[in-house]
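> Sequence first, predicted coordinates after that:
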Amino acid sequence: MKNIQDKLILITGGASGIGQLMAFSFAEKKTRVVIWDINETALELLENEARKKSLFIRGMVCDVSDRNAVYSQAQKLIADFGPLDILVNNAGVVSKKAENTTGPAFLGIPDESIIKNININALSLFWTSKAFLPSMIERNSGHIVTISSVAGIIGVKGLSDYCAGKFAAFGFDEALRMELRRMKSAVKTTVVCPFFINTGMFDGVKTRFPLVLPILKKEYAVKKIVKAVLKNKKRLIMPRFVYLVYLLRLLPPAMMDSIADFFGISRAMGDFRGRS
């Protein structure tokens with residue numbers, strides 16, 4: 001376990017969901033945590049709660065889909081708090097259930113939702129990493145955490161734009177890890193691929209076999225993520241049953257699709273509502 005006391009951590013999209021829980025979990029380990037989010041009211045509430053607990057959590061309004069805003073706020077963060085030690089790329093969105101369509105579900109997703117999804121779930125990783133990684137490389141110390149998804153390693157019916165963004169996140173982490181390894185850099189990376197988490201983002205999603213593919217409790221997910229960061233774990237997939245996806249990819253696509261159907265992947269989004 002590495003020592004993160006007094007380290008500076010940035011969590012994007014951290015004013016709610018697992019980002020908020022991660023903020024408190026890291027802060028309780030005597031770190032300094034900065035939250036980027038677009039919800040100014042939620043950030044103020046978060047700061048007030050942290051002050052009551054004597055924890056160092058500060059909020060900054062930042063739209064991570066806007067690269068100029070990312071670069072500007074990154075400079076302000078460094079000026080106010082110093083160089084960043086751990087970047088947690090947590091910000092993410094999911095499109096509302098697509099409108100009824102006679103074709104594939106993605107045809108019912110508005111163009112604006114697709115663009116927003118890719119901008120936040122995929123492109124933002126480039127802007128945040130470009131803002132903070134050079135300093136980490138120069139200091140030969142740092143850690144970049146990317147929150148992807150199980151939907152980033154297997155396609156899910158009804159989540160085409162989300163899957164595209166999370167597949168991109170998974171690929172981004174893998175390529176970055178290899179590039180840093182080639183440089184013999186001490187900067188670490190961790191990619192996190194959880195099954196659906198009960199944060200409200202995926203309200204209505206169902207699982208056919210909850211014993212092997214449970215909807216994850218957010219407290220459990222955060223505990224596992226924080227532990228993975230402390231142990232410099234390169235990849236965290238939850239639950240472990242999902243590792244079987246790699247074996248499925250060795251099969252012909254028709255067989256893989258049939259097994260995915262059996263486990264309910266094609267029906268999981270049937271009653272999906274999303275966060276209200």
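Received it, and whenever you're ready, just let me know what you need.
> And the residue nearest in space to the middle of the chain, how close does it get to residue 170?
Central residue of the chain (C-alpha atoms, centre = their mean): residue 147, 2.4 Å from the mean position. To residue 170, residue 147 is 10 Å away according to C-beta to C-beta, to the nearest Å. Every residue, glycine included, has its C-beta placed from N, CA and C.
> same check, this time on residue 49
Residue 49 is 32 Å from residue 170, by C-beta to C-beta.
> And for residue 105?
With C-beta to C-beta as the criterion, residue 105 and residue 170 are 22 Å apart.
> what does residue 38 give?
Remark: distance between residue 38 and residue 170 (C-beta to C-beta) = 24 Å.
> Show me which of the two is the more surrounded one.
A direct count of neighbours by other C-beta atoms under 10 Å for residue 38 and residue 170 places residue 170 higher, at 20 against 17.
> quick one: low-confidence parts of the stretch 101-250 of the chain?
101-102, 200-206, 208-212 (pLDDT under 70).
> Which residue ranges of it form strands?
143-147, 188-194, 235-238 (DSSP state E, counting those that start in this stretch).
> Just put those in TSV and tack on distance to residue 78.
Shown next, in TSV, are the strands of the stretch 101-250 of the chain (distance: least, C-beta to C-beta, whole Å):
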stretch	distance to residue 78
strand 143-147	16
strand 188-194	20
strand 235-238	28
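> and of those strands, who's closest to residue 86?
Across those, residue 86 has its closest neighbour in strand 143-147 (4.5 Å, C-beta to C-beta).
> In terms of secondary structure, what does the closest one contact?
Contact partners of strand 143-147 among helices and strands, from 3 or more C-beta pairs under 8 Å, 6 or more residues apart in numbering; DSSP states H and E: strand 86-89, helix 124-139, helix 160-183, strand 188-194, helix 218-230.
> list the buried ones in the fourth one?
It refers to strand 188-194. Buried residues in strand 188-194, counted by 16 or more other C-beta atoms under 10 Å: 188-194.
> Go through these and name the one nearest residue 143.
Comparing these against residue 143 with C-beta to C-beta places residue 188 closest, at 4.4 Å.
> and that closest one, how far is that from residue 226?
From residue 188 over to residue 226 the distance is 14 Å, taken as C-beta to C-beta.
> ok, now residue 262?
Between residue 262 and residue 226 the distance is 34 Å, computed by C-beta to C-beta.
> Just want to know which of those two has more residues nearby.
residue 226 (19 against 11).
> Could you double-check that that one sits in contact with residue 22?
Yes. Contact status for residue 226 versus residue 22: in contact at 6.6 Å, counting by C-beta atoms under 8 Å.
> about what we covered before: partners of the residue nearest to the centre of the chain in the sheet?
residue 192 (DSSP bridges).
> wait, it sits on residue 120?
No. Between residue 147 and residue 120 there is no contact under C-beta under 8 Å: 11.5 Å.
> what sits in contact with each of the two?
Contact with both residue 147 and residue 120 is made by residues residue 92, according to C-beta atoms under 8 Å, 6 or more residues apart in numbering.
> pLDDT score for residue 17?
For residue 17, the model assigns a pLDDT of 92.
> should've said residue 255
Looking at residue 255, its pLDDT stands at 89.
> Name the SS class of it, please.
Under DSSP: H, G, I helix; E, B strand; the rest coil, the three-state class of residue 255 is helix.
> could you measure it against residue 247, distance?
11 Å.
> ok, now which ones touch residue 185?
Shown in contact with residue 185 (C-beta under 8 Å, 6+ apart): 137, 140.
> where's it relative to residue 81, distance?
For residue 185 relative to residue 81 (C-beta to C-beta), the value is 23 Å.
> Can you name the helix or strand that residue 73 falls in?
Per DSSP states H and E: residue 73 is located in helix 67-81.
> Check which helices and strands that helix sits against.
By 3+ C-beta pairs under 8 Å, 6+ apart, helix 67-81 packs against strand 32-37, strand 57-61, helix 124-139.
> Which one of the ones you listed lies nearest to residue 85?
When those are compared by C-beta to C-beta, helix 124-139 sits nearest residue 85, at 7.9 Å.
> Give me the contacts around that closest one.
Under the criterion C-beta under 8 Å, 6+ apart, residues 10, 12, 64-65, 67, 70-71, 74, 78, 83-85, 87, 89, 91, 142-144, 146, 168-169, 172, 176, 180, 183, 185, 187 lie in contact with helix 124-139.
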